[in-house]
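Student: Give me a 3D structure for the following:
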Amino acid sequence: MDKELQKASIKNTKGIGQVKIADDVVARIAALAALEIDGVSAMAGNYTSENIDKVSPKNLQKSSKIAVSEGKVRVDMSILMKYSYNIPATSKQVQDRVQNSIQSMTGLDVTDVNVRIAGITMPE
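Tutor: Numbers count the residues shown, from 1 in each chain. Alright, predicted model coming up:
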């Protein structure tokens, strides 16, 4: 439990107390947001929106690295794209969606969303 709290992001609410958001939660938000974009087939490691709920936080960290410091978030993620999609345009959509999702759900400021294309999936 202490290890989890050390990795937690802290957001202060005025006069009421603290809200702690674990980095794993932010990583899951980022992964789900990326998977909503048409052209993204999976996170690196073949984690899709259908099976991401079953992925352990440790395994999810292989495809998304979250760094939180003083209420600011940096996201480094690796995705698999579908064949024939425009990589720069799709990556920009992923960056925008991830940033908006994290900011709206957590209130944390997202400074960077770095996308690494780890592979291309071919149609079956």
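
Student: C-alpha only now, for contacts and for neighbours.
Tutor: Will do.

Student: what's the closest non-adjacent residue to residue 39?
Tutor: residue 82 (5.1 Å; CA to CA, 6 or more residues apart in numbering).

Student: show me the contacts for the one you found.
Tutor: Shown in contact with residue 82 (CA atoms under 8 Å, 6 or more residues apart in numbering): 39, 40, 41, 120, 121, 122, 123.

Student: in the chain, which spans are helices?
Tutor: Secondary structure of the chain, counting by DSSP state H: helices at 2-6, 23-35, 57-60, 87-106.

Student: Which neighbouring elements make contact with the longest one?
Tutor: Helix 87-106 is packed against helix 23-35, strand 109-121, with contacts defined by 3 or more CA pairs under 8 Å, 6 or more residues apart in numbering; DSSP states H and E.

Student: cutoff 10 Å now
Tutor: Applying 3 or more CA pairs under 10 Å, 6 or more residues apart in numbering; DSSP states H and E, one finds that helix 87-106 contacts strand 17-22, helix 23-35, strand 40-43, strand 72-82, strand 109-121.

Student: quick one: which of the ones you listed has the weakest pLDDT on average?
Tutor: Note on the helices and strands packed on helix 87-106: strand 17-22 shows the lowest mean pLDDT, a mean of 82.

Student: Quick check: closest non-adjacent residue to the residue positioned nearest the centre of the chain.
Tutor: Residue closest to the average C-alpha location in the chain (CA atoms, centre = their mean): residue 30, at 2.1 Å. Nearest non-adjacent residue to residue 30, counting by CA to CA, 6+ apart: residue 98, 5.1 Å away.

Student: which ones are touching that neighbour?
Tutor: 26-27, 29-37, 75, 92, 104, 110, 112-113 (CA atoms under 10 Å, 6 or more residues apart in numbering).

Student: now residue 40
Tutor: Residue 40 neighbours (CA under 10 Å, 6+ apart): 34, 48, 79-83, 85, 87, 90-91, 94, 117, 120-121.

Student: do the same with residue 34
Tutor: Applying CA under 10 Å, 6+ apart, the residues contacting residue 34 are 28, 40-43, 49, 77-79, 90-91, 93-99, 101, 115.

Student: Please identify the most buried of the helices of the chain.
Tutor: Comparing the helices of the chain by mean neighbour count (mean count of other CA atoms under 10 Å), helix 23-35 ranks first with a mean of 23.

Student: Sounds good, over and out.
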